[in-house]
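1. The sequence and its predicted three-dimensional model are supplied below.
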Amino acid sequence: MLPAFLVRRIGTGCVYSKAMKKQTMLNLNKRNRASLLLPAIFFCSSLAGAALAQDTGEQLFLNSCAECHQRDGNGIPNIYPALAGSEVVLGSGVDVALVMLIGRGEMPSFAGSIAHADMAKIINYVRNAWGNSGEHISAETIANLK
Ligand code: HEC
């Protein structure tokens with residue numbers, strides 16, 4: 001994943017090129033600059049879009065958790081527990097963090113593969129998606145659990 005500052009750079013660059021596009025099209029139509037500019041803008045927006053999407057709790061959940069707990073948080077009965085309405089998930093962010101850090105049964109530990117900041121985003125997402133509701137946890141709180 002791209003570091004956040006780079007993502008912001010790319011994002012800003014794309015907004016800038018979009019605003020410039022109108023201007024450039026008006027001024028440089030004769031030289032047909034648009035044929036170069038349009039693919040560049042397209043590439044730029046899809047890159048920034050993909051990078052930004054990666055960063056949300058939802059996207060991180062889809063990448064690391066949904067294969068078992070499913071996109072809708074309902075899991076698969078008798079195999080993967082639902083996170084929607086789960087007592088653990090509704091209970092506290094710390095409990096969810098401990099499950100992620102330690103692993104549980106068939107669920108692997110994510111201590112070595114997901115950074116604390118991303119864990120916080122995932123936890124805050126699952127605790128507030130699919131009708132769940134819970135206060136947010138910070139990356140620092142998770143780091144202090146170790
Ligand atoms: C390989 C499948 C798999 C993946 C991937 C996975 N889990 Fe799990 N998860 C499980 C299983 C199986 C359990 C039940 C373990 C047990 O109690 O024996 C579980 C339990 C849980 C629980 C406790 C739920 C309850 O009500 O008891 C939470 C919370 C949880 N997982 C969150 C996550 C999060 C967040 C992710 C993504 C970072 C994730 N899981 C990824 C399989 C998985």
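-> Done, it's in.
2. which bits of this protein sit near the ligand?
-> When proximity is defined as C-beta under 6 Å from any ligand atom, the chain approaches the ligand at 64-65, 67-69, 80-81, 83, 86-89, 96, 99-100, 104-107, 110, 122, 126. For glycine as for every other residue, the C-beta is placed from the backbone atoms N, C-alpha and C.
3. Swap in 8 Å and give it another go.
-> Within the chain, the positions near the ligand by C-beta under 8 Å from any ligand atom are 60-61, 64-65, 67-69, 75, 79-83, 86-89, 95-96, 99-100, 104-108, 110, 114, 119, 122-123, 126.
4. OK, contacts around the residue nearest to K146 when sequence neighbours are not counted?
-> Leaving aside its sequence neighbours, K146 sits nearest to L101 (C-beta to C-beta, 6 or more residues apart in numbering; 7.2 Å). In this structure, L101 makes contact with S109, F110, A111, M119, I142, L145, K146, judged by C-beta atoms under 8 Å, 6 or more residues apart in numbering.
5. Generate a PyMOL selection restricted to the buried entries among these.
-> In PyMOL, a selection of the buried entries from the contacts of L101 looks like this (16 or more other C-beta atoms under 10 Å):
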select buried, resi 110+119+142
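6. Now do E106 against N78, distance only.
-> Between E106 and N78 the computed distance is 12 Å (C-beta to C-beta, to the nearest Å).
7. Please identify every residue contacting each of those two.
-> Joint contacts of E106 and N78 (C-beta under 8 Å, 6+ apart) do not exist.
8. How many neighbouring residues does W130 have?
-> Using other C-beta atoms under 10 Å, W130 has 16 neighbouring residues.
9. Fine by me, we can end here.
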